[in-house]
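Undergrad: only geometry, no sequence info:
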């Protein structure tokens, strides 16, 4: 038995070396070290470990797992994003299932752009204290016939050989892009090869690997692919009140950086509720950030005026009677028009 295990390990080492599969090579060597340690040959085990340590296998690096098609996401630079209670319950369930090691490890977040899918993946990784690696589809997709599907197969080989999968979450951001945006839709055979590679890769993925994919085009993609996921979370479930609460949270985070800006939660909410459709969190974040960035630092509420003007670009948007009809008070109108309260009251015959 001992001889068979060693032969298998050596053959695998040669195979991984020939394939230039560095992650597989290191994992195999690590398994050999553990084997020798288990049979009492601790000196040889320590020697192997020392050699591997010399190649930075166990020292955290930006490319620690040597995944050519992936890049590591800096989670410390990410901000938290509040979620509606329905979505939050689903995400908590995902975190619990990973913690229970219930072999439920493949998840799909679907929803329109800006709904917070990618930011939520980052939050899950932070909560579970795992590193997050995102696939770079630009490196996977190739114009050469058949090469994209081969690259995709290599991606799953890399994932299969992760030495410590319990430390990692893998993100396939905008998974639909690989078949809908970049591959020539006129070449149905190539699309079929890519889809087959994805299906085969997901089917063969170990339950030790936590994979979260996101998509903006759920209704247009191959349903056979989505059946490979253990759970699908719909991120389109925001009410207007949910979006206002998200906007208030985003504003609160930004106000810690823009010290000259003042807080006026009541007027902020009013401005948002004048919108016919309140945008999703991604667009809300950009809108609020731009209003603050372009505001006059000498005027604490100028960002609110900038926001209102960005939302309502029509000529009479700042007309006093129009503002009054939208439910703004004299004080609100003073802020939005830079006119004094007394002047506003006179012009409105109040």
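TA: Thanks, I have the structure now. Small disclaimer: the values here were computed from a predicted structure and weren't measured. Residues are numbered from 1 along each chain as shown.

Undergrad: What strand or helix carries the residue nearest to residue 232 when sequence neighbours are not counted?
TA: Across the structure, with Cβ to Cβ, 6 or more residues apart in numbering as the measure, the residue nearest residue 232 apart from its sequence neighbours is residue 108 (4.6 Å). Yep, even glycine has a C-beta here, placed from its N, CA and C like the rest. Here residue 108 is covered by strand 106-110, with elements defined by DSSP states H and E.

Undergrad: and that strand, what does it pack onto?
TA: Secondary-structure packing of strand 106-110 (3 or more Cβ pairs under 8 Å, 6 or more residues apart in numbering; DSSP states H and E): helix 117-127, strand 210-215, strand 231-234.

Undergrad: what's the closest of those to residue 247?
TA: Taking Cβ to Cβ as the criterion, residue 247 comes closest to helix 117-127 out of the helices and strands packed on strand 106-110, the separation being 14.6 Å.

Undergrad: which residues make contact with that closest one from outside it?
TA: The list of residues contacting helix 117-127 from outside it, by Cβ atoms under 8 Å, 6 or more residues apart in numbering, reads 73, 75, 78-81, 83, 87, 91, 94-95, 109-111, 131-132, 169, 171, 173, 212, 214, 235, 281.

Undergrad: I'd like the mean pLDDT over that helix, please.
TA: Taken as a whole, helix 117-127 carries a mean pLDDT of 94.

Undergrad: Check stretch 281-299 too.
TA: Averaged across stretch 281-299, pLDDT comes to 95.

Undergrad: what's it in contact with?
TA: For stretch 281-299, contacts defined as Cβ under 8 Å, 6+ apart pick out 81, 113-116, 119, 243, 246-247, 250-251, 254-255, 258, 260-261, 278-279, 302-307, 310-311.

Undergrad: now do 7 Å
TA: Contacting residues not belonging to stretch 281-299 are listed as 81, 113-116, 243, 246-247, 250-251, 254, 258, 260-261, 279, 302-303, 306-307, 310 [Cβ atoms under 7 Å, 6 or more residues apart in numbering].

Undergrad: which of the residues you listed are buried?
TA: Applying 16 or more other Cβ atoms under 10 Å to the contacts of stretch 281-299, the neighbour count classes 81, 114-116, 243, 246-247, 250-251, 254, 258, 261, 279, 302-303, 306-307 as buried.

Undergrad: taking those one by one, which sit in helices?
TA: Residues from those lying in helices, with DSSP state H as the criterion: 243, 246-247, 250-251, 254, 302-303, 306-307.

Undergrad: ok, and the helix or strand in this structure with the lowest average confidence?
TA: Evaluated with mean pLDDT, DSSP states H and E, the helix-and-strand set of the chain has its lowest mean pLDDT in helix 42-54, which scores a mean of 59.
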